[in-house]
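Undergrad: give me coordinates for this.
(2 chains)
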Amino acid sequence: MNNKVLEIWEQINLQNEITYLKLAFSFFVNNEIDVKELKEILNFKKIELPDYFYSLDLFSQKKFLKTEIYYIDLKNDSYNYTCKTIFNNFYFYYLVNKAKRNKEYTSLLIEYVNNINQLNITFYAAKFINLKNTKLLVQYKDIKNYVEKNHIVNFYDLLMNIYVKKGNEEIKKILKKVLKNNNFLYLDLDNTFTKFALHIECLIYLLPTKIKDIVKLKFLILNKEHFPFDKISKMETKINVLKNYDNYFTNYALKQVIDFVNKNNNIPPNGYLAFYYALMERKNDELYY
Amino acid sequence: MMSYIIDIETLFDEYEKKKLSMEDIFFECIDLIKLHEFNKDFIFDLNDTLNYRGYNFQFLINKNKEQFDQNKYALLIKNATKSLDKTKKLIEYLNNIQDYRLTLASLHALKIKFLIKLNLLPQNNDLLNQMQQENYRDVLFASYNSDELFDIVYKVLEKIGIPYATLAYMKFRIDVEMLLWTIETNKNNGYLIVNAIKTILNIAPKEYFIRDNKAYYASISSLKIKNYLKLIDKDAIKIIKNAWKEEFDNFDMTGYKLLLLLV
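TA: Next comes the predicted model:
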């Protein structure tokens, strides 16, 4: 172990695991340590990077844990900047794995997803938020009772239970309020695009579990980079045999979405819209509108 | 590619050899940008290098663009095909707005003979001389089948409001625009359907197709959009999908990308 590595370890060893990982990487991106030294530092906390990391080229290695981009607005005498949080596959699933049985990491996951601020990611991440690891069940007795009565485990299932299965209206009201405040996953259910995305998520929820994510990948609601790397090639082969997904929707369910879209014109191009138009083509003759 | 006072890649190799910190590199970049007088192409290339090498900052490129004015545009595009002067002014406007969507919506108003007179196309090209009465939109997309003409004709886009026309993400969008054009070749007033598709899929704002209170797009239900997309040439779809297979996922979601998902 060289002095540089020791110095860095002394600076960061008291941090929690994920912060330690991020800081170690920042020294690497900062050209202060090389890959060997990075590996040594991570070994102290028994943090393992996947094997394929070591066969990447240097620049791809540096980008491996990139979770933020700073946009600099440079003027003659000064500069301002804004920071955008981006989805990073390794970081996201690292948090997901730790969050399974851990309240602190569940909070960190929620914070990360809120900072990314993209609906498709928010809905996807909701599946990985175990309600027992959040303050929701403590702060809202009504939600706790509802969740226990209906054997609901994660937040996505709670959302779908309310909106697809037309669960309790009171719980719906509480949820809407919770989702707008700062202590939980952020969703503004008064926003047009959010409402549209939720409509489509509700349709997707009606699909068999094994094709839900395939449909999301096919219509680019989520991209390859959002799914675990080891599952991608299997998912891609399944896209080619995906058919008859529209059979799972009643005309009533589709009409709800059509009515919504007819009243709200300016939905920007996105995967949810692609899926919607694909469904419209297949169901065209059957629908009364 | 412009030649700069320094070679960016070589410079960054040196920075990394010297193990400069990201903060140091950041301040070096600021000096470089000032040295190049905030040149947009330079900042673009610098950002490319920063991204490629794993640094997590990018410099915004200030675009001093004019705001779209529906009335002004309507006046400029009216009869542009009949006048060299109006063509020149329309092109100037497209360069000031620098919105690729507006340029692509205006190509039909540019006559080949005026583009030659304005030196945007060569004067001594026999093929082009035969097509003087044609409009640029038709010639551009027809030239996809012509090895001889394609590069010459395509490059005009860089001078009429799409300076980054040869970059992959923009080439992709223009290729999908070509697919829409195949509807125009097969159907009378096909351009009205094309414009309608563009407004439904948010490829371009409605305002770009409304002039003097008249809407230059067909009234079609968004529910039936896939029926209209079926009018696109099937062989052309195969070619374009194949050409962009590898890079497709990396492009931002635009109406063009949405269109290709639907066909």
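Undergrad: rest of the way, CA atoms for contacts and neighbours
TA: Noted.
Undergrad: any residues of the stretch 151-263 of chain B in contact with chain A? List them.
TA: B:201-202, B:223-227, B:249, B:253-255, B:258, B:261-262 (C-alpha under 8 Å from any C-alpha of the partner chain).
Undergrad: strands along the stretch 1-150 of chain A, start to end?
TA: Defined through DSSP state E, counting those that start in this stretch, the strands belonging to the stretch 1-150 of chain A, from first to last, are A:68-74, A:79-85.
Undergrad: and what of the stretch 1-150 of chain B?
TA: Along the stretch 1-150 of chain B, the stretches classed as strands by DSSP E, counting those that start in this stretch are B:57-59.
Undergrad: so where is it shaky, pLDDT-wise?
TA: Along the stretch 1-150 of chain B, segments meeting pLDDT under 70 span B:1-5.
Undergrad: quick one: the helices in it, in order.
TA: Listed in chain order, the helices of the stretch 1-150 of chain B (DSSP state H, counting those that start in this stretch) span B:8-17, B:22-35, B:40-52, B:70-77, B:84-97, B:100-106, B:112-117, B:126-130, B:136-142, B:147-154.
Undergrad: reformat those helices as JSON lines; add distance to residue A:49 and mean neighbour count.
TA: Conversion of the helices of the stretch 1-150 of chain B to JSON lines gives the following (distance: least, C-alpha to C-alpha, whole Å; neighbours: other C-alpha atoms under 10 Å in any protein chain shown):
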{"stretch": "helix B:8-17", "distance to residue A:49": "24", "mean neighbour count": "13"}
{"stretch": "helix B:22-35", "distance to residue A:49": "23", "mean neighbour count": "15"}
{"stretch": "helix B:40-52", "distance to residue A:49": "21", "mean neighbour count": "17"}
{"stretch": "helix B:70-77", "distance to residue A:49": "55", "mean neighbour count": "16"}
{"stretch": "helix B:84-97", "distance to residue A:49": "47", "mean neighbour count": "19"}
{"stretch": "helix B:100-106", "distance to residue A:49": "43", "mean neighbour count": "20"}
{"stretch": "helix B:112-117", "distance to residue A:49": "57", "mean neighbour count": "20"}
{"stretch": "helix B:126-130", "distance to residue A:49": "59", "mean neighbour count": "13"}
{"stretch": "helix B:136-142", "distance to residue A:49": "49", "mean neighbour count": "20"}
{"stretch": "helix B:147-154", "distance to residue A:49": "46", "mean neighbour count": "15"}
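Undergrad: quick one: least confident of the residues of the stretch 151-263 of chain B next to chain A?
TA: Within these, pLDDT reaches its minimum at residue B:223, with 79.
Undergrad: that residue - nearest residue in space that isn't next to it in sequence?
TA: Using C-alpha to C-alpha, 6 or more residues apart in numbering or on different chains and skipping residues adjacent in sequence, the residue nearest residue B:223 is residue A:280, 5.9 Å away.
Undergrad: picking up where we left off before, dump the strands of the stretch 1-150 of chain A into CSV; add distance to chain B and mean pLDDT as well.
TA: As requested, the strands of the stretch 1-150 of chain A are arranged in CSV below (distance: least, C-alpha to the nearest C-alpha, whole Å; pLDDT from 0 to 100):
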stretch, distance to chain B, mean pLDDT
strand A:68-74, 4, 95
strand A:79-85, 9, 95
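Undergrad: reformat those strands as TSV; add mean neighbour count.
TA: Converted to TSV, these look like this (neighbours: other C-alpha atoms under 10 Å in any protein chain shown):
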stretch	mean neighbour count
strand A:68-74	17
strand A:79-85	13
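Undergrad: distance to residue A:177 added to those, as a markdown table?
TA: Below are the strands of the stretch 1-150 of chain A laid out as a markdown table (distance: least, C-alpha to C-alpha, whole Å):
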| stretch | distance to residue A:177 |
| --- | --- |
| strand A:68-74 | 29 |
| strand A:79-85 | 25 |
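Undergrad: so what are the domain limits for the chain?
TA: Unless you meant another one, I'm taking chain A. A:3-65, A:119-286 (automatic domain parsing).
Undergrad: nope, chain B
TA: Residue ranges for each domain of chain B read B:8-52, B:65-161, B:167-263, as given by automatic domain parsing.
Undergrad: quick revisit: put together JSON lines for the residues of the stretch 151-263 of chain B next to chain A, with neighbour count and distance to residue B:72 on each row.
TA: Listed next are those as JSON lines, based on neighbours: other C-alpha atoms under 10 Å in any protein chain shown; distance: C-alpha to C-alpha, whole Å:
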{"residue": "B:201", "neighbour count": "25", "distance to residue B:72": "25"}
{"residue": "B:202", "neighbour count": "18", "distance to residue B:72": "22"}
{"residue": "B:223", "neighbour count": "20", "distance to residue B:72": "33"}
{"residue": "B:224", "neighbour count": "13", "distance to residue B:72": "33"}
{"residue": "B:225", "neighbour count": "21", "distance to residue B:72": "31"}
{"residue": "B:226", "neighbour count": "20", "distance to residue B:72": "34"}
{"residue": "B:227", "neighbour count": "13", "distance to residue B:72": "35"}
{"residue": "B:249", "neighbour count": "14", "distance to residue B:72": "38"}
{"residue": "B:253", "neighbour count": "16", "distance to residue B:72": "30"}
{"residue": "B:254", "neighbour count": "16", "distance to residue B:72": "27"}
{"residue": "B:255", "neighbour count": "23", "distance to residue B:72": "26"}
{"residue": "B:258", "neighbour count": "23", "distance to residue B:72": "31"}
{"residue": "B:261", "neighbour count": "17", "distance to residue B:72": "35"}
{"residue": "B:262", "neighbour count": "16", "distance to residue B:72": "35"}
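Undergrad: got TSV for the residues you listed, with secondary structure too?
TA: Below are these laid out as TSV (DSSP: H, G, I helix; E, B strand; the rest coil):
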residue	secondary structure
B:201	coil
B:202	coil
B:223	helix
B:224	helix
B:225	helix
B:226	helix
B:227	helix
B:249	helix
B:253	coil
B:254	coil
B:255	helix
B:258	helix
B:261	helix
B:262	helix
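Undergrad: could you tell me the least trusted of the domains of chain A?
TA: The weakest mean pLDDT among the domains of chain A belongs to domain A:119-286, with a mean of 88.
Undergrad: pull the contacting residues for the nearest residue to residue A:83 once chain neighbours are set aside.
TA: The spatial neighbour of residue A:83 that comes closest, neighbours along the chain excluded (C-alpha to C-alpha, 6+ apart), is residue A:70 at 4.5 Å. Applying C-alpha atoms under 8 Å, 6 or more residues apart in numbering or on different chains, one finds that residue A:70 lies in contact with A:81, A:82, A:83, A:84, B:56, B:57, B:58.
Undergrad: please tell me how far the fifth one sits from residue B:240.
TA: When distances are taken as C-alpha to C-alpha, to the nearest Å, residue B:56 and residue B:240 turn out to be 33 Å apart.
Undergrad: so residue B:194 makes contact with residue B:179?
TA: No: assessed by C-alpha atoms under 8 Å, residue B:194 is found out of contact with residue B:179, at 9.9 Å.
Undergrad: how about the residues of the stretch 1-150 of chain B that lie near chain A?
TA: Close to chain A, as judged by C-alpha under 8 Å from any C-alpha, the stretch 1-150 of chain B has residues B:16, B:19-22, B:30, B:34, B:52-61.
Undergrad: buried subset of those?
TA: Neighbour-count burial (16 or more other C-alpha atoms under 10 Å in any protein chain shown) is assigned, among those, to B:20-22, B:30, B:53-61.
Undergrad: contacts only, for the residue nearest the centre of chain A.
TA: Per C-alpha atoms, centre = their mean, the C-alpha nearest to the average position across chain A is that of residue A:121, at 3.1 Å. Contacts of residue A:121 were listed using C-alpha under 8 Å, 6+ apart, and they are A:113, A:222.
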